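1. Structure, please.
(one chain, ligands or ions: 1)
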Amino acid sequence: MSTSLLGPADVRQLAERLGVRPTKTLGQNFVVDANTVRRIARLAEVGAGDLVTEIGPGLGSLTLALLETGADVVAVEIDPKLAAELPATIAARCSPDVAARFSIVESDALLVQAEQLVVGGRTPDALVANLPYNVAVPVLLTLLERIPTLRSGLVMVQAEVADRLAAGPGDKEYGVPSVKAAWYADVRRAGAVSRQVFWPVPNVESGLVQFTARPAPVSSVPKEAVFACVDAAFAQRRKTLRQALAGWAGSPDAAETALRKAGIDPRTRGERLTVQEFAELAAARA
Ligand code: SAM
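-> Numbers count the residues shown, from 1 in each chain. Predicted coordinates:
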């Protein structure tokens, strides 16, 4: 078994040969540093027997590091040129037994269905990705929703987004992405990544986010109803919940009734509620 990772010259050469000019719209910043992709694969704690889904494999930098761990990888890439080339890159840099553990789906990750990610009758156990930054939160939440078999994951995102995803009640960064991610998983920061490991160098800092799936909060109403309450609470995050939830509940008084029924002080702000409290609040209005 052998794998040869991509370095800066390999990435440039591949891009040049394919005529790939990285676009901002698709968040195309490719990792050119073997240590970084190995670090991501190690922190993801994946290995032989795991089926990993990778979103946005690009030229294959992280894909190769994931295959090196012994895991099976099913990657989802939106760019047809990159999706078409990846099997050849893997075949050229891995022994055939390693290359056989890779498959590619050409799709927008926001539209991909769980069935497309089934390999040998299995759905993915883990999500590991250097996510396209402009759609990182929706991609993460969509996959957590569509693939209930995901046990864990490690994603690279813009540093501010990493802070938001990992924030807890009372933190200044706590908001809609934090609560929605917490619905599915325990989320934490897992370190920073220098801009210098990318080509082209992005104009934002990057951070790693690790998650472990956990059972959804107990709720007598569907997740969509809870998420509607979360959206309303943070749409006016400076206001008390009594005010912020007036539209959602019908009036400030109706909001207060639901809040009291859920055991929440109506003068509290949304930024202090846990996902479980949001679940109870949504149920209290129903
Ligand atoms: N994984 C590679 C690496 O580490 O070098 C590339 C990461 S780059 C930040 C993001 C990748 O996501 C690009 O390959 C881009 O084409 C792809 N991408 C962008 N939007 C996407 C989407 N909606 N669905 C799937 N892939 C997407």
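
2. Arg164: what's it in contact with?
-> Val137, Glu173, Tyr174, Gly175, Pro177, Ser178 (C-beta atoms under 8 Å, 6 or more residues apart in numbering). The way it works is simple: take the backbone N, C-alpha and C, and place the C-beta from them, glycine included.

3. switch the cut-off to 6 Å
-> Arg164 sits next to Glu173, Gly175, Pro177, Ser178 when contact means C-beta atoms under 6 Å, 6 or more residues apart in numbering.

4. Check the burial of Leu144 by counting its neighbours.
-> 19 (other C-beta atoms under 10 Å).

5. mind exporting whatever helix or strand it lives in as PDB, just the C-alpha atoms?
-> According to DSSP states H and E, Leu144 maps onto helix 136-146. The C-alpha trace of helix 136-146 is given here as PDB (Å, rounded to 0.1, in the frame of the first residue of the first chain):
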ATOM      1  CA  ALA A 136     -19.600  25.900   4.400                       C
ATOM      2  CA  VAL A 137     -22.500  26.300   7.000                       C
ATOM      3  CA  PRO A 138     -25.300  25.100   4.600                       C
ATOM      4  CA  VAL A 139     -23.200  22.300   3.300                       C
ATOM      5  CA  LEU A 140     -22.400  21.100   6.900                       C
ATOM      6  CA  LEU A 141     -26.000  21.300   8.100                       C
ATOM      7  CA  THR A 142     -27.300  19.700   4.900                       C
ATOM      8  CA  LEU A 143     -25.000  16.700   5.300                       C
ATOM      9  CA  LEU A 144     -25.700  16.300   9.000                       C
ATOM     10  CA  GLU A 145     -29.400  16.200   8.100                       C
ATOM     11  CA  ARG A 146     -29.200  13.900   5.100                       C
END
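
6. and for it, what are the contacting residues?
-> Under C-beta under 6 Å, 6+ apart, the answer for helix 136-146 is Ile55, Ala109, Leu110, Ala114, Leu127, Leu131, Val157, Val161, Pro177, Lys180, Tyr184.

7. What's the first helix or strand after that helix?
-> strand 152-158.

8. For the ligand, what is the nearest residue in the stretch 51-200 of the chain?
-> Residue of the stretch 51-200 of the chain nearest the ligand, by C-beta to the nearest ligand atom: Gly56 (2.1 Å).

9. Please report how far the spatially closest residue to that residue that is not a sequence neighbour lies from Pro22.
-> Nearest residue to Gly56, sequence neighbours excluded (C-beta to C-beta, 6 or more residues apart in numbering): Pro132, at 5.2 Å. Applying C-beta to C-beta, to the nearest Å, the value for Pro132 to Pro22 is 11 Å.
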